[in-house]
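Peer 1: compute the structure for the input listed below.
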Amino acid sequence: MDKKIPVIDLHEDLLLHVSRRELYPADHWQTNFEMLKEQNFKVVVSTAFPVPPQENFFDPASNAIIEHDFQTYKKYCSECPEWSIIKNSSDVEAILKDDSRHGFLLHVEGLNVFDGDWEMLERWYGLGWRSLGIVWNLTNPFGGGTKDLFQGLTVLGTQMLDWLQERRMLIDFAHMNKQTFFDTAKLVRCPIIISHGNAAALCPSLRNYDDEQLRVVAKSGGVVGVFFGSMFLVGKEKSPGTVKDIVDHIDHFRKVMGIEYIAIGSDLGGITTGTLSDLNSVQKIDLLWSELRNRGYSEEDIEKISYGNILRVFKEILL
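Peer 2: Residues are numbered from 1 along each chain as shown. Down below sits the predicted model:
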C-alpha cells in the first residue's frame, strides 16, 4: 500500500467525539485515535470543548471540564507513547520526521467563563495548552461571536491577545464576528489562523469568510483551514454536500489568496449535524487528495494543503 500523505488538521473535537457518544449517531465515527493513526494524521489541533449541563456555555463548570480534558489528553499520551502533546514547532517537526509518532496541539474553543484568573491560564499552559479561539458562536468577555453582529473586541480581549502573544500561542480567528475579526487582525503580530471556515462567496453564512477577510489572512502570511461541515459548504437548505464541494472552496481560496494559505480544518468529531455524504470521516481523507488531483492540483500543492502551509505558520509562531 502506498504511504499515506501526512496531515496536520487544524481543528478536531476529538475528545468530545470519543467521550460523549450520545451527541452523535451511534453507528458512525468521524474520528478517533486509532483512525487518525491509520490515516497518517500526524498533528491534530485537539479541542477542549466544554459541554456543560443543559448546554449552558456560561456555566462556571466549563473551566473544570476544559482542565479535565487537558489531563485526559496527557494521560492518553502517557499510556500511548506514540502520541505526545505539542508545545513548540520543534515538536511538530520531530513528529513529521518519525513515521511512528503523532501529536495533539491542545486548543480551547471559546473561553466563555473568565473572571481574570490568569493563574488558571498559566496552569493550563503548563499542561501543554498552546491555542485559543477567544470566542465561539456566543459573545463572551473577550468579544463577539458569529451570533452577535455588533460586539467587537473588548478591553479584556485586548489583554488576552497580549497574554497569548507574549507566550507565542496560536490565536484562532474561527467563530469571530466581522467586527471582532478586524479588531483582532489590527492587533496580532503573527500570521492569522482561521482553523476551520469556508468561503462566504460560495456559501453565505456568518461562519464563513468574505474575500476581504481572506485577503487579510493571506497578507499576514496565515492560513485558512477548509471546513468539512456540509451546511457551511453548500448551505443547510441543500442536500448533503460532497468532497467536490470542499474542493470548490479550495479553488476559491486559491483564486483569492493563493495556494500557500490553504490548510485542512476538518472539524471532524464536532459535526453534530450535516456531515458530507462521502467525506464524513478521517478514514475517507483520500477522497480529498483524489479530487484535488482530478482538478489539476500537483502533489506539491496537495502537500502544502495537507501539512506544509500550516507547518510554516507553526514555525513562525510557536516557540
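
Peer 1: what is the mean pLDDT for the lengthiest helix in the chain?
Peer 2: In the chain, assigned by DSSP state H, the helix with the most residues is helix 61-79. Averaging pLDDT along helix 61-79 yields 97.

Peer 1: mind listing what's buried in that helix?
Peer 2: Buried residues in helix 61-79, counting neighbours by 16 or more other C-beta atoms under 10 Å, are found at 62, 63, 66, 67, 69, 70, 73, 77. The way it works is simple: take the backbone N, C-alpha and C, and place the C-beta from them, glycine included.

Peer 1: give me the nearest residue to the last one, chain neighbours excluded.
Peer 2: What it means is residue 77. residue 83 (4.9 Å; C-beta to C-beta, 6 or more residues apart in numbering).

Peer 1: cool, and the fourth one?
Peer 2: For residue 67, ignoring the flanking residues on the chain, the nearest one in space by C-beta to C-beta, 6+ apart is residue 124 at 6.6 Å.

Peer 1: what about the one you found, which SS state?
Peer 2: Put simply, residue 124 is helix when judged by DSSP: H, G, I helix; E, B strand; the rest coil.

Peer 1: just list whatever residues bridge to the residue nearest to residue 77.
Peer 2: Going by DSSP bridges, residue 83 is paired in beta bridges with residue 102.

Peer 1: need the pLDDT of it.
Peer 2: 98.

Peer 1: pull the contacting residues for it.
Peer 2: 33, 76, 77, 101, 102, 103, 104 (C-beta atoms under 8 Å, 6 or more residues apart in numbering).

Peer 1: go on, residue 74?
Peer 2: Remark: with contacts taken as C-beta under 8 Å, 6+ apart, residue 74 is in contact with 85, 127, 128.

Peer 1: so the first one is in contact with residue 75, correct?
Peer 2: Pointing back at residue 85 there. No - using C-beta atoms under 8 Å as the test, residue 85 is too far from residue 75 to be in contact (10.8 Å).

Peer 1: just to revisit the earlier point, the contacts of residue 74 in strands, which ones?
Peer 2: Applying DSSP state E to those, the entries found in strands are residue 85.

Peer 1: how much space separates the residue nearest to residue 67 from residue 189?
Peer 2: Separation of residue 124 from residue 189 (C-beta to C-beta, to the nearest Å): 22 Å.

Peer 1: repeat for residue 70
Peer 2: 26 Å.

Peer 1: how about residue 13?
Peer 2: 29 Å.

Peer 1: what about stretch 248-267, how long is it end to end?
Peer 2: With C-alpha to C-alpha, to the nearest Å as the measure, the ends of stretch 248-267 fall 18 Å from one another.

Peer 1: for residue 66, give me its contacts.
Peer 2: Residue 66 neighbours (C-beta under 8 Å, 6+ apart): 48, 50, 108, 124.

Peer 1: and those residues, which are buried?
Peer 2: Among those, those that count as buried by neighbour count (16+ other C-beta under 10 Å) are 48, 50, 108, 124.

Peer 1: show me where pLDDT drops low in the protein?
Peer 2: Across the chain, the ranges flagged by pLDDT under 70 are 1-2.

Peer 1: which stretches in it count as helices?
Peer 2: Counting by DSSP H, the chain has helices at residues 14-19, 33-38, 61-79, 89-97, 118-126, 155-166, 178-187, 211-220, 243-256, 286-294, 299-303, 309-317.

Peer 1: ok, the residue lying closest to residue 304 once chain neighbours are set aside - how many residues close by?
Peer 2: Of all residues not flanking residue 304 in the chain, residue 259 sits nearest, at 5.8 Å (C-beta to C-beta, 6+ apart). When neighbours are defined as other C-beta atoms under 10 Å, residue 259 has 17 of them.

Peer 1: can you pull the contacts of the nearest residue to residue 157 once chain neighbours are set aside?
Peer 2: The shortest distance from residue 157 to any non-neighbouring residue, by C-beta to C-beta, 6+ apart, is to residue 142 (3.6 Å). Taking C-beta under 8 Å, 6+ apart, we find residue 142 in contact with 111, 114, 134, 135, 153, 154, 156, 157, 160.

Peer 1: could you rerun that using 6 Å?
Peer 2: Contact partners of residue 142, counting by C-beta atoms under 6 Å, 6 or more residues apart in numbering, are 134, 154, 156, 157, 160.

Peer 1: which of the buried ones among the contacts of residue 66 fall in strands?
Peer 2: 48, 108.
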